[in-house]
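*Asks:* below is the sequence, then the predicted model.
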Amino acid sequence: MDNLADNSNPSTPVAAWLAEGQSSQRDMLESLQALKSKSTTPFQVIASHRHDRPEIFEFADMVYREPSNSTVDTETHTTSEPAIPRWQFVLEHAQKHNVKVLLTGRNGIDYEAHREKFDAAGIRLLTGATSVAALESIDDKFAFMQHCHTHNIPVADAWRFDNAVELEALLAEHGDQPLCVKPVVGIFAQGFWRLDTGKADSTAYDSFEHLYFTEGKKINTAQFVNAYTNSQMVRERPIPMLLMPYLSGQEYSIDVVCEYGEVLAAVTRHKTGKIQHIGYEQSVMDVVIPLIRAFGCDGIVSVQTKADSSGQHRVLEINSRPSGGIGYTSHSGIDLTQVGFSYWLGLSERPNLEENVQRIEPCQIRSVMMSVKIEKDAE
C-alpha cells in the first residue's frame, strides 16, 4: 500500500497529529519539534488530550482537548455542545489543518473502526494494526498467545481462569514450578504477581512481604488465592486472569517502527538495576520480526520478551502504541519517532531495517526525574 502523505494542498503545510497517549506523548512531540527544526519542508505538530496537560502541549504548535463526557474543549474555549465521538472530533479538525499522519495513542480501536474515513481524507492512520480484530487480539493476552502458537512464535505459556475453582484446579496441575498471574487485559504491570509455587517451605514468600517490598510484585500463593476468592471487587466485576510459568531470564523491551507487518526500524533495550542498555539484539529480533508480521502491526509499537531458563526469548506481549521509553531511542543514533514520521510525512524515503541497524550506536542510559512548571500559583 502506498504512503498516503502526499500534500494535495501545497499552500498549507502538512501536519502530524499525536492524540492522547499513555506516557510517551511529550517525548514524541519533542522529537517531532527537533525533526521540524532540521527539515527543509515545513510541517505543523498538533497534539490532543482529554485533560489540560500544558507539560505535554508545550511541544505542540497547536493543541486540542479531546471530547470528554458532555463537553468539547479546544485550545481557546470550552463549549457546552454535546460531545461527538473522539474519532470524529479529531478527523474533522485534522481535515481543517491538512493533517497527513495521525498517531492514535491509547484509543486505537475507536479510530480503527473508522479507518476508511481517514483513508478517504488522505490521512495515514497509525493505530498499531490495520483492523479492529487484530487490535483486540493484541489487547486480549490469552487470544494473543493462542495466535502466537498458531504462527509458531515462541511465546510464554498461559492458562486462563475466571473463578477460584478454576484457579485451584490450575494450581493443582501446574503448581510444581514457579508461576505468576496477570489479568487477560491490562497495562503497566497492573495485576501482575509472582507466586511462590515450586518453592520449599523455607523459601516461600513471607505473608507481609508483598505489603512491604511492593516493587517486588511477590505474594504468598495462599494469600493470593484467599484474596481472589473473597474479593468483593472480583465478584462484582469479574476479572479474567492468566496463570503462567514465571520466566527467569532477561527481559527486553523493543520499540518498533513498522508498516503493514514489516519492521522498518527497531531498537532493543534491557534493564540492569537502574541502567537501560540500548542497542539491537539480533536473537530478540529473530522473535520480534515474525511476531510483527503475524499481527500485521502498523505504526510505532512496543514488544516485551523474556528469556526462559534455556535462554530462548519468548514473547510476553505487544503494546499497539509507543512505549513510555520511546524517547530513549534518541540516544541510540536513530530516533524512532523521527524515523517513522519523517517517512510518513513524505520527508524521507521508506526506512530500511538493515540500514537502520547499522546506524544504531549501543549505549547505556539512566532515566532521571524532572519537573515542569504548569501554572502560576494564585496569590
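*Replies:* Okay, I see it.
*Asks:* mind listing what's buried along the longest strand seen in the chain?
*Replies:* Longest strand in the chain by number of residues, with DSSP state E as the criterion: strand 262-272. Neighbour counts over strand 262-272 (16 or more other CB atoms under 10 Å) mark 262-270 as buried. Yep, even glycine has a C-beta here, placed from its N, CA and C like the rest.
*Asks:* stretch 187-194 now?
*Replies:* Judged by neighbour count (16+ other CB under 10 Å), stretch 187-194 contains these buried residues: 191, 193-194.
*Asks:* and stretch 237-245, by the same measure?
*Replies:* Applying 16+ other CB under 10 Å to stretch 237-245 flags 241-245 as buried.
*Asks:* likewise for stretch 310-326?
*Replies:* Buried residues in stretch 310-326, counting neighbours by 16+ other CB under 10 Å, are found at 313-326.
*Asks:* how about stretch 94-110?
*Replies:* 94, 97-110.
*Asks:* looking at those residues, which are in strands?
*Replies:* 99-103.
*Asks:* taking the residues you listed, tell me the two that lie furthest apart.
*Replies:* Greatest spacing in these, by CB to CB: K100 and L103 (11.7 Å).
*Asks:* residue boundaries of the strands in the stretch 151-300 of the chain?
*Replies:* Using DSSP state E, counting those that start in this stretch, the strands of the stretch 151-300 of the chain run over residues 159-161, 179-183, 193-195, 218-219, 241-245, 251-259, 262-272, 275-279, 299-307.
*Asks:* which neighbouring elements make contact with the longest one?
*Replies:* Read it as strand 262-272. strand 251-259, strand 275-279, helix 282-295, helix 336-344, helix 353-359 (3 or more CB pairs under 8 Å, 6 or more residues apart in numbering; DSSP states H and E).
*Asks:* mind checking how far stretch 40-47 is from the chain centre?
*Replies:* Its chain's C-alpha centre and that of stretch 40-47 lie 24 Å apart, by CA atoms, centre = their mean, to the nearest Å.
*Asks:* and for the residue nearest to I109 when sequence neighbours are not counted, the neighbour number?
*Replies:* Spatial nearest neighbour of I109, excluding adjacent residues (CB to CB, 6 or more residues apart in numbering): L135 at 5.0 Å. For L135, the count of nearby residues is 22 (other CB atoms under 10 Å).
*Asks:* and L135, what pLDDT?
*Replies:* Note on L135: pLDDT of 96.
*Asks:* surely it is in contact with R106?
*Replies:* No - contact criterion CB atoms under 8 Å: L135 and R106 do not qualify, at 11.7 Å.
*Asks:* would you turn the buried residues of stretch 187-194 into TSV with distance to L29?
*Replies:* Below are the buried residues of stretch 187-194 laid out as TSV (distance: CB to CB, whole Å):
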residue	distance to L29
G191	30
W193	35
R194	36
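*Asks:* give me the neighbour count for V234.
*Replies:* By the criterion of other CB under 10 Å, V234 has 16 neighbours.
*Asks:* quick one: contacts of stretch 264-282?
*Replies:* 250-258, 284-285, 288, 325, 328-329, 331-332, 334, 336, 339-340, 343, 350-353, 356-357, 360, 362-367 (CB atoms under 8 Å, 6 or more residues apart in numbering).
*Asks:* switch the cut-off to 7 Å
*Replies:* The contact list for stretch 264-282 (CB atoms under 7 Å, 6 or more residues apart in numbering) reads 250-258, 284-285, 288, 325, 328-329, 331-332, 334, 336, 339, 351, 353, 356-357, 360, 362-367.
*Asks:* now do stretch 204-218
*Replies:* Contacts of stretch 204-218 (CB under 7 Å, 6+ apart): 189, 192-194, 196, 219-220, 223.
*Asks:* one more time with 6 Å
*Replies:* 192-194, 196, 219-220 (CB atoms under 6 Å, 6 or more residues apart in numbering).
*Asks:* which of the residues you listed sits closest to C180?
*Replies:* When the contacts of stretch 204-218 are ranked by distance to C180 (CB to CB), R194 comes first, at 4.8 Å.
*Asks:* so the closest one touches C180, yeah?
*Replies:* Yes - using CB atoms under 6 Å, R194 makes contact with C180 at a distance of 4.8 Å.
*Asks:* overlap in contacts of the two?
*Replies:* If you check R194 and C180 against CB under 6 Å, 6+ apart, the residues they both contact are Y246.
*Asks:* could you measure from the nearest residue to G311 once chain neighbours are set aside over to A307?
*Replies:* Excluding the flanking residues, the one nearest G311 by CB to CB, 6+ apart is G249, at 6.3 Å. To A307, G249 is 3 Å away according to CB to CB, to the nearest Å.
*Asks:* who has more neighbours, the two?
*Replies:* Legend: neighbour count by other CB under 10 Å for G249 and A307, higher for A307 (19 against 15).
*Asks:* so for that one, what's the pLDDT?
*Replies:* 96.
*Asks:* and if you look at the one 10 residues further on?
*Replies:* Among the per-residue scores, E317 shows a pLDDT of 93.
*Asks:* that one is in contact with S302, isn't it?
*Replies:* No - at 8.9 Å, E317 and S302 do not qualify as touching, with contact defined as CB under 6 Å.
*Asks:* out of the buried residues of stretch 94-110, who's nearest A172?
*Replies:* The closest of these, once distances to A172 are taken by CB to CB, is I109, at 36.8 Å.
*Asks:* any low-confidence regions in the stretch 251-379 of the chain?
*Replies:* Along the stretch 251-379 of the chain, segments meeting pLDDT under 70 span 376-379.
*Asks:* all set now, cheers.
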